[in-house]
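Enquirer: Generate coordinates for the sequence data below:
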Amino acid sequence: MTVAIVLHRADGAPVSTSFRRAAFGKDDPFARHREIAWEGPDSMVAGRTSFIGELEVASFPHIETIVVAEGELTLTAHGAAPLVLGPGAGAVIACGTALRILAGSRVRFSFCAAACDKPTKRGLFPLHADADFKPSATLPAEVLLGPAPQCRSDNVFTDDAAEYRAGTWDSTPYHRIVRPHRVNEFMHLLAGSVRFAAPDGSVLTAGAGDALFVPLGVSVGWESSDRVAKFYAIQSA
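Expert: Numbers count the residues shown, from 1 in each chain. Just a heads-up that it's a prediction; the model follows:
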């Protein structure tokens, strides 16, 4: 039983996920390069992309969170300094942003993208492993199988119209029951490891450098034995 869709393994191991080549909308700049692993009814997709070349985009057609797995990607928003993303680095491209995209050699990245008809902000928003963490809500006692964790987050991007948020999160170890996931969530683990449990008792383990997607409503448990940190992009529904 699949509880999380694996988009990338840090060690380069093949993943069993099925990908299909498809564009995300008619104006997708990565239309010829995108591989979609999941597409939801709420205009959100997740997958991976392999790209080389240069693109000039007058208005980016959706919101997209990118985390580079291999190579180097340079994003330059109009009037701003270039943002260079190497392996393990990520950023959010806001809907409506004018930018130049450059990869001098092959770059591979995981992504999570969402449609946005009325963007509330534009620009590039880097994701930071050394984030400006602030305390965030812990989990309710009724879903925990042990002590409550201490959680922190640094939300760097929010688009209210698309109900989309992205940033960095970390937590002390905790064990949680299997329950329906409350959001669509892309995650790229920065530190630690997580065991995701399915209702049938099977377990998927992910560690630092792995990228995954957990759809809204999928029943999944969480168990970690050390600090876990991750980049995240979520869409509420």
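
Enquirer: For Ala211, see how far away the residue nearest the centre of the chain is.
Expert: By CA atoms, centre = their mean, the chain has its centre lying nearest to Phe186, at 3.4 Å. Per CB to CB, to the nearest Å, Phe186 is found 7 Å from Ala211. (Each C-beta comes from the backbone N, C-alpha and C, glycine too.)

Enquirer: Give me the common contacts of these two.
Expert: Ser110 (CB atoms under 8 Å, 6 or more residues apart in numbering).

Enquirer: Kindly export the helix or strand harbouring the residue nearest to the centre of the chain (C-alpha atoms) in CSV.
Expert: Applying DSSP states H and E as the criterion places Phe186 in strand 184-191. What follows is strand 184-191, C-alpha atoms only, in CSV (Å, rounded to 0.1, in the frame of the first residue of the first chain):
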residue,chain,number,x,y,z
ASN,A,184,-1.6,17.8,0.0
GLU,A,185,2.1,17.9,1.0
PHE,A,186,5.4,17.9,-0.9
MET,A,187,8.4,17.4,1.3
HIS,A,188,12.1,17.2,0.8
LEU,A,189,13.9,15.9,3.9
LEU,A,190,16.9,17.8,5.1
ALA,A,191,17.8,15.9,8.2
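
Enquirer: buried residues in that strand?
Expert: Buried residues in strand 184-191, counting neighbours by 16 or more other CB atoms under 10 Å, are found at 184-190.

Enquirer: same thing with stretch 7-18?
Expert: Applying a neighbour-count criterion of 16+ other CB under 10 Å, one finds 7-10, 15, 17 buried in stretch 7-18.
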